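> Here's a sequence, model it:
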Amino acid sequence: MELGLREATVLVTGGSNGIGAAIARAFVEEGSRVATTYFSDADAGERVVEEALQRGGQAMAMPYDLADPGGADSIVDQLLARWGRLDVVIANAVRWPILPNGQQLLADTDPPAWRHAVRVNLEGTTALLRRAALEMMTAGAGRIVVVTTEVAEVGMAGATAYSTAKAGLHGLVASLRWELGPRGILINMISPGFNLTPRNLANLPDEVREQVRRRTPTGRLSTPEDAAPTVVSQANRNITGEFISVSGGGGGAD
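Next up is the predicted model:
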């Protein structure tokens, strides 16, 4: 099916590995021009670009820090300088670790560190959506997809900063559908659920992954390649404000 993405300019934040890299590859396969961002692993970002070039696609990689107040403007300015337009934004980046010591109960968390974690991940993403919306309103069209987590809805002990930041984005998208819809811009949220990303494979023991698999109706855990086609399909004609789970019917952290 032709999705109308050939020569579209797409920005995928956090696109150097895992789910973001799979999304970037999927857009390249559709013939889109893809800009990805990385936080610290420039080599991984350049590998995604090299793969795209080898497939005859167009791609670029840029450093991006959600904690940088000017970070969103910088990456959008670079993309526009190269390709002159912004059609699709995939807000996938998240600043890890959420807290300096990983997962912590709220009662045990240093309040300034907790507030910083929430602000970076909520306000950093909000800054990107604001800049993207401004560009898309000028063009009279655009598509935005926010990659989120089911933890924002079902919760998880020790993940209050993460779930709070992501839940804030749910409220933001709910309002933006009303602000942007009349201007030709559609915005949706995709939740990959518990995903077999390199980070999860490295940090979570086999027994934890098996527990999640057993409570997943399809009986298997999702991979980045499961999420990517759903994200690409949200560059759609008339779906907006939706929360779409790609988790095999299960739940848990992504």
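
> For this structure, give me the ranges with low pLDDT.
1-3, 195-205, 208-209, 234-235, 250-254 (pLDDT under 70).

> centroid residue for it?
Residue closest to the average C-alpha location in the chain (C-alpha atoms, centre = their mean): Asn92, at 1.4 Å.

> what's near enough to touch that one?
Contact analysis of Asn92 by C-beta atoms under 8 Å, 6 or more residues apart in numbering lists 12-15, 19-20, 23, 147. (C-beta placed from N, C-alpha, C; glycine too.)

> Swap in 6 Å and give it another go.
Contacts for Asn92 (C-beta atoms under 6 Å, 6 or more residues apart in numbering) come out as 13-14, 20, 147.

> Check the burial of Thr9 by counting its neighbours.
Residues within reach of Thr9, counting by other C-beta atoms under 10 Å, total 21.

> Tell me the secondary structure at Thr218.
At Thr218 the chain is in coil, as set by DSSP: H, G, I helix; E, B strand; the rest coil.

> Helices of the stretch 1-150 of the chain, start to end?
Remark: helices assigned in the stretch 1-150 of the chain by DSSP state H, counting those that start in this stretch are 18-29, 42-54, 71-83, 111-139.

> hmm, back to that, please pick the buried ones from the contacts of Asn92.
13-14, 20, 147 (16 or more other C-beta atoms under 10 Å).

> In the residues you listed, find the pair that's most separated.
The span of the buried ones among the contacts of Asn92, defined through C-beta to C-beta, is set by Thr13 and Val147 at 8.9 Å.

> Reformat the helices of the stretch 1-150 of the chain as TSV; add distance to Pro217.
Formatted as TSV, the helices of the stretch 1-150 of the chain follow (distance: least, C-beta to C-beta, whole Å):
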stretch	distance to Pro217
helix 18-29	21
helix 42-54	32
helix 71-83	37
helix 111-139	29
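
> Among those helices, show me which one is buried the most.
The highest average neighbour count among those, using mean count of other C-beta atoms under 10 Å, belongs to helix 18-29 at a mean of 25.

> relative to helix 42-54, how tilted is that one?
Here the directions of helix 18-29 and helix 42-54 differ by 20 degrees (axes from the mean of the first three to the mean of the last three C-alpha atoms, to 10 degrees).

> who does the closest residue to Gln58 other than its chain neighbours bridge with?
Excluding its sequence neighbours, the residue lying closest to Gln58 (C-beta to C-beta, 6 or more residues apart in numbering) is Arg33, at 4.2 Å. Beta bridges link Arg33 to Thr9, Gln58, judged by DSSP bridges.

> Could you check how many residues crowd around Arg33?
Arg33: 23 neighbours (other C-beta under 10 Å).

> list the contacts for it?
9, 58, 83.

> any idea how far Ser191 is from Lys166?
According to C-beta to C-beta, to the nearest Å, Ser191 stands 9 Å off from Lys166.

> Now do the same contact list for Thr164.
Val118.

> scratch that, Gly142 is what I was asking about
136, 185.

> With Val118 as the reference, measure out to it.
27 Å.

> All the strands of the stretch 101-250 of the chain, residue numbers only.
In the stretch 101-250 of the chain, the strands defined using DSSP state E, counting those that start in this stretch lie at 142-147, 185-191, 243-245.

> As CSV, those strands with distance to Ile98 would be great.
Formatted as CSV, the strands of the stretch 101-250 of the chain follow (distance: least, C-beta to C-beta, whole Å):
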stretch, distance to Ile98
strand 142-147, 15
strand 185-191, 17
strand 243-245, 21
